[in-house]
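Chemist: heads up, no residue letters with this:
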């Protein structure tokens with residue numbers, strides 16, 4: 001609220017005094033102090049100054065021009081602060097979200113210079129877009145693809161139709177804190193709420209990021225999940241049209257409450273090796289951060305209103321798009337450098353517990369490097385471990401209530417339908433995939449998977465009552481094999497020799513077509529076509545071919561005789577249903593074209 005007169009000021013002061021007396025709140029005292037100072041200064045305001053103050057009211061503020069390209073503010077918060085770059089002077093934190101104020105002539109770090117919004121036209125009206133932001137000397141980026149579908153009378157914005165979060169992990173911890181370089185070697189790890197349950201897609205992709213006079217260039221990153229060929233080696237130009245990764249943060253020109261919120265700077269949670277960090281950069285903005293090596297970063301950015309000890313926070317989560325997250329946060333100052341904080345309505349993020357935070361500096365935020373992430377398990381075998389992780393319910397050990405076992409898959413499917421018609425949540429289990437089931441291959445129908453034998457015995461009685469007289473309970477043991485789809489878009493990542501084929505970083509989905517991971521797969525002399533496999537749908541298949549000989553033959557055709565290779569469509573491209581043990585493809589079940 002603006003101070004519009006003596007009566008308003010007296011009422012405000014009285015209310016704050018009452019709050020301060022009854023709550024004992026240090027924040028209320030600070031707000032009171034700022035209100036007193038404001039009231040005193042207000043008497044000395046000239047008419048001209050008062051007119052300037054009125055522009056803070058959004059109803060009276062002039063309309064902001066829409067930026068076309070370039071000049072996006074490099075404040076590192078994930079928020080375009082007005083399409084122009086200011087020089088920061090001591091005592092003015094507009095451009096510095098971490099509060100490490102610099103004089104105008106102090107050199108910027110590489111991380112600071114990289115922060116901003118970028119785009120590159122890749123075809124027609126389609127753009128690759130990117131916004132780089134930082135927390136300490138850690139760099140993160142919201143990336144994706146957008147169309148320039150500007151309509152007359154609307155602000156010109158590049159909004160992503162497909163988006164993901166990227167962590168730019170430096171090879172050297174000091175890389176983004178240096179002022180004497182324009183490039184760094186990095187590993188990029190990515191994730192998105194749109195796929196893979198919000199988990200990492202795979203191990204960090206390695207390459208370099210470099211500034212030039214016009215923008216930023218990415219090089220390296222072979223077989224990249226993040227950068228299409230049209231992007232690598234090209235300059236991404238600074239572009240203020242790119243949408244905000246954190247749309248709920250207040251830009252510099254936003255109206256906000258007066259007196260300002262009294263807490264500023266960076267705070268770290270005390271007494272834990274998994275700390276939450278709070279960053280109050282001003283303008284009633286707040287960023288919440290937590291990062292451990294090997295785990296996806298948790299980063300929220302948004303703005304808040306406040307009422308004494310409680311702030312009402314509206315933010316978005318990095319990697320989740322613009323979906324709003326609303327939190328009520330109780331904050332009390334124990335002293336100038338210590339906060340007591342309780343996150344309410346945030347069990348899914350932090351848990352409803354009281355935490356104590358101490359004030360820190362930007363340099364205190366740990367930098368997570370590529371080697372840190374790899375040592376924590378985000379390495380080339382990450383996809384493999386994730387594929388078999390018991391976080392996925394279908395991989396967990398179970399006590400099954402089995403009602404039939406079949407050598408042929410078709411027979412198992414018929415019995416599966418019979419079990420489902422009887423009201424059971426039936427499934428087919430391939431016995432060699434489990435340590436305690438028959439190593440000889442059978443397709444086994446189970447009407448229930450249970451965590452305990454006791455639960456299974458109860459279902460067993462129901463199964464027998466439903467007519468499955470030969471039903472029995474058996475423990476599965478650990479999962480060693482897995483039935484999945486893998487998708488081949490091109491042969492660029494394939495490595496072949498006479499003894500094996502390695503499919504590099506192929507997309508792997510479960511049988512419900514839910515993306516699981518990206519990983520290497522191996523075909524060798526032990527890989528077979530399952531007896532149920534309809535081999536006539538495998539391009540250029542001939543009687544007696546093994547999967548290895550079939551693949552090698554078609555790979556050679558693709559190089560030496562493209563017409564033969566394409567005779568029935570590109571034989572090696574498409575979706576393939578396979579059985580895995582680790583990275584090894586044990587058997588092919590089928591091949592499909594996608595729509």
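Modeler: Received, thanks. Small disclaimer: the values here were computed from a predicted structure and weren't measured. Residues are numbered from 1 along each chain as shown.
Chemist: Could you list the low-confidence segments of the stretch 451-595 of the chain?
Modeler: 512-513, 594-595 (pLDDT under 70).
Chemist: Show me the helices in it, by range?
Modeler: Here the stretch 451-595 of the chain has its helices, by DSSP state H, counting those that start in this stretch, at 453-465, 547-560, 562-565.
Chemist: and the ones you listed, which is most packed in?
Modeler: helix 547-560 (a mean of 18; mean count of other C-beta atoms under 10 Å). Glycine gets a C-beta too; all of them are placed from N, C-alpha and C.
Chemist: which residues touch that helix?
Modeler: The set of residues external to helix 547-560 that reach it, using C-beta atoms under 8 Å, 6 or more residues apart in numbering, is 491, 494, 496, 498, 500-501, 523-525, 527-529, 538-541, 545, 564-565, 570-572, 585, 588.
Chemist: Please indicate which of those are buried?
Modeler: 491, 494, 496, 500-501, 523, 527, 529, 538-541, 545, 564-565, 570-572, 585, 588 (16 or more other C-beta atoms under 10 Å).
Chemist: out of everything not next to it in sequence, what's closest to residue 239?
Modeler: residue 119 (4.0 Å; C-beta to C-beta, 6 or more residues apart in numbering).
Chemist: Tell me, what's the model's pLDDT at that neighbour?
Modeler: The confidence metric pLDDT takes the value 96 at residue 119.
Chemist: residues contacting it?
Modeler: So residue 119 contacts 69, 127, 128, 129, 130, 146, 158, 236, 237, 239, 241, 242 (C-beta under 8 Å, 6+ apart).
Chemist: I'd like to know how far residue 555 sits from residue 364.
Modeler: Note on residue 555: its distance to residue 364, by C-beta to C-beta, to the nearest Å, is 53 Å.
Chemist: Report the buried residues of stretch 292-307.
Modeler: 292-304, 306.
Chemist: circling back: which residues does the residue nearest to residue 239 form beta bridges with?
Modeler: Assessed by DSSP bridges, residue 119 has beta-bridge partners residue 129, residue 237.
Chemist: Could you verify my assumption that residue 128 touches residue 145?
Modeler: Yes - using C-beta atoms under 8 Å, residue 128 is in contact with residue 145, at 6.1 Å.
Chemist: Would you mind telling me which of those two has the busier surroundings?
Modeler: With neighbours defined as other C-beta atoms under 10 Å, residue 128 and residue 145 compare such that residue 128 has more, 23 against 16.
Chemist: residue contacts, the more buried one?
Modeler: Residue 128 sits in contact with 119, 120, 122, 143, 144, 145, 227, 228, 230, 231, 236, where contact means C-beta under 8 Å, 6+ apart.
Chemist: Quick check on the residues you listed: which are buried?
Modeler: 119, 120, 143, 144, 145, 227, 231, 236.
Chemist: okay if I get those as a markdown table plus distance to residue 519?
Modeler: Formatted as a markdown table, these follow (distance: C-beta to C-beta, whole Å):
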| residue | distance to residue 519 |
| --- | --- |
| 119 | 31 |
| 120 | 29 |
| 143 | 22 |
| 144 | 23 |
| 145 | 24 |
| 227 | 19 |
| 231 | 23 |
| 236 | 29 |
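Chemist: which stretches of the stretch 251-400 of the chain form strands?
Modeler: 265-269, 277-282, 285-290, 298-307, 310-317, 325-335, 338-344, 354-360, 399-406 (DSSP state E, counting those that start in this stretch).
Chemist: The last one to helix 453-465, inter-axis angle?
Modeler: Relative orientation of strand 399-406 versus helix 453-465 (axes from the mean of the first three to the mean of the last three C-alpha atoms, to 10 degrees): 40 degrees.
Chemist: Go ahead and confirm residue 441 touches residue 431.
Modeler: Yes - assessed by C-beta under 8 Å, residue 441 is found in contact with residue 431 at 6.3 Å.
Chemist: which stretches of the stretch 1-150 of the chain have low pLDDT?
Modeler: Counting by pLDDT under 70, the stretch 1-150 of the chain shows low-confidence ranges at 1-104, 150.
Chemist: related to what we said a few turns ago, strands - which of the contacts of helix 547-560 land there?
Modeler: Of the contacts of helix 547-560, the ones assigned to strands by DSSP state E are 494, 496, 500, 501, 523, 524, 528, 529, 585, 588.
Chemist: where's the last one relative to residue 520, distance?
Modeler: Think residue 588. From residue 588 to residue 520 the distance is 17 Å (C-beta to C-beta).
Chemist: The helices of the stretch 451-595 of the chain into TSV, with extra columns for distance to residue 473?
Modeler: As requested, these are exported to TSV (distance: least, C-beta to C-beta, whole Å):
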stretch	distance to residue 473
helix 453-465	5
helix 547-560	36
helix 562-565	50
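Chemist: Residue 185 - that's part of a strand, no?
Modeler: Yes - Residue 185 forms part of a strand when assessed by DSSP: H, G, I helix; E, B strand; the rest coil.
Chemist: ok now do it, which residues does it touch?
Modeler: Here residue 185 is in contact with 170, 171, 172, 175, 206, 207, 208 (criterion: C-beta under 8 Å, 6+ apart).
Chemist: which residues does the first one contact?
Modeler: Which is residue 170. Applying C-beta under 8 Å, 6+ apart, the residues contacting residue 170 are 139, 176, 184, 185, 186, 367, 369, 370.
Chemist: at 7 Å what do you get?
Modeler: 176, 184, 186, 367, 369 (C-beta atoms under 7 Å, 6 or more residues apart in numbering).
Chemist: Who is it paired with across the strands?
Modeler: residue 186.
Chemist: likewise the last one?
Modeler: Each beta-bridge partner of residue 208 is listed here: residue 185, residue 219, as defined by DSSP bridges.
Chemist: In this model residue 183 seems to touch it, though I could be wrong.
Modeler: Yes - under the criterion of C-beta atoms under 7 Å, residue 208 makes contact with residue 183 at 5.6 Å.
Chemist: can you give me the helices for the stretch 51-200 of the chain?
Modeler: 110-114.
Chemist: quick one: the strands in it?
Modeler: 116-123, 126-135, 138-147, 160-170, 183-191.
Chemist: Please identify the most buried of the ones you listed.
Modeler: In terms of average neighbour count - mean count of other C-beta under 10 Å - the standout among those is strand 126-135, at a mean of 24.
Chemist: Find out how far that strand is from the centre of the chain, if you would.
Modeler: Between the centre of strand 126-135 and the centre of its chain there are 13 Å (C-alpha atoms, centre = their mean, to the nearest Å).
Chemist: show me what contacts the nearest residue to residue 235 once chain neighbours are set aside?
Modeler: Spatial nearest neighbour of residue 235, excluding adjacent residues (C-beta to C-beta, 6+ apart): residue 215 at 4.8 Å. Neighbour list for residue 215: 118, 235, 236, 237, 238 [criterion: C-beta under 7 Å, 6+ apart].
Chemist: In a markdown table, list those residues along with distance to residue 427.
Modeler: As requested, those are arranged in a markdown table below (distance: C-beta to C-beta, whole Å):
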| residue | distance to residue 427 |
| --- | --- |
| 118 | 47 |
| 235 | 52 |
| 236 | 47 |
| 237 | 52 |
| 238 | 53 |
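Chemist: Thought residue 536 was touching residue 590, still the case?
Modeler: No - with contact defined as C-beta under 7 Å, residue 590 does not reach residue 536; the gap is 11.0 Å.
Chemist: quick one: which of these two has more around it?
Modeler: residue 590 (17 against 8).
Chemist: Could you export the strands of the stretch 251-400 of the chain as CSV, including mean pLDDT?
Modeler: Compiled in CSV, these are given as follows (pLDDT from 0 to 100):
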stretch, mean pLDDT
strand 265-269, 96
strand 277-282, 94
strand 285-290, 96
strand 298-307, 93
strand 310-317, 94
strand 325-335, 91
strand 338-344, 93
strand 354-360, 96
strand 399-406, 95
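Chemist: want to try a markdown table for these, with distance to residue 382 as columns?
Modeler: Putting the strands of the stretch 251-400 of the chain into a markdown table (distance: least, C-beta to C-beta, whole Å) gives the following:
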| stretch | distance to residue 382 |
| --- | --- |
| strand 265-269 | 27 |
| strand 277-282 | 25 |
| strand 285-290 | 20 |
| strand 298-307 | 19 |
| strand 310-317 | 22 |
| strand 325-335 | 27 |
| strand 338-344 | 30 |
| strand 354-360 | 30 |
| strand 399-406 | 29 |
